[in-house]
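Novice: Predicted model and sequence follow; I will ask about them next.
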Amino acid sequence: NIWEPRESTLILRACATAGPGKLMIDLGAQLGWFSLLAASCSTVHVLAFDADAENLRVLNESAGLNPWGGRILTEKVRIGPDTQPLPIDLVRVAKLDLEGAERDGIRILGPTIDAGLLDFLLIEVSPVFHPGDEYPDLVADLIERGYRAYRLPEKHQPPYYLDGTSARMHPGRIDQLPTAELRALVRGWHQEDLWFAREGVEW
């Protein structure tokens, strides 16, 4: 009964194995499902950003119903070209679901990425918003900056039962594809969820 079981499992696993002082940054938090999952892990604090005040009201109400809800800080902001980069910090995982503004999300996380302090990213890659090279460039750029890239299996309608051993739970690694093949693959997508893991970080 979970719409995104693979994504949820990855966020929980990454945060459950995080060392003390690590952040989860949720860009495009919406109702806060992933923020709440991350905050339920005892060593992780969450910074959640969304442009919709009602989304953040619901997120904060949900957080208040849980004893660990105080680990979530929210901010109403629309991520765009004018958004200032975030300060460098220890980030276990960043989730980006920005409906076409993912490049700006990566830019504001840039100082932390370049410092080697962001372990994982979960990104909805959406060429439906920007056909052409924007998303192939984004994926190739993160790979060049030291991340392994995995395509998560697509969501399915009607739903089907998953267990932890199902092959349908397994992501497919794409960073080892030849560059031209990788770029053509990304260019042909509609919307896909990708998981990026910094080289040398286990998950």
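Specialist: Nice, I can see it. Bear in mind that the values here come from a model prediction, so they are computed numbers and not experimental data.
Novice: Counting by contacts, list what the helix or strand containing Leu182 packs against.
Specialist: Using DSSP states H and E, Leu182 falls within helix 179-187. Here helix 179-187 touches helix 134-144, going by 3 or more Cβ pairs under 8 Å, 6 or more residues apart in numbering; DSSP states H and E. The C-beta positions use only the backbone N, C-alpha and C, and glycine is treated the same way.
Novice: Could you pull out the buried residues of the helix it packs on?
Specialist: Residues of helix 134-144 classed as buried by neighbour count (16 or more other Cβ atoms under 10 Å): 134-136, 138-140, 142-143.
Novice: quick one: it to helix 179-187, angle?
Specialist: Relative orientation of helix 134-144 versus helix 179-187 (axes from the mean of the first three to the mean of the last three Cα atoms, to 10 degrees): 130 degrees.
Novice: outside of helix 134-144, which residues touch it?
Specialist: Contacts with helix 134-144, where a contact means Cβ atoms under 8 Å, 6 or more residues apart in numbering, come from 102-103, 106, 113, 121, 123, 125-127, 149, 174-175, 179, 182-184, 186-187, 189, 194, 196.
Novice: Is there a quick PyMOL command that grabs whichever of the residues you listed are buried?
Specialist: Here is the PyMOL command that picks out the buried ones among those, judged by 16+ other Cβ under 10 Å:
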select buried, resi 102+103+106+113+121+123+125+126+127+149+174+175+182+183+186+189+194+196
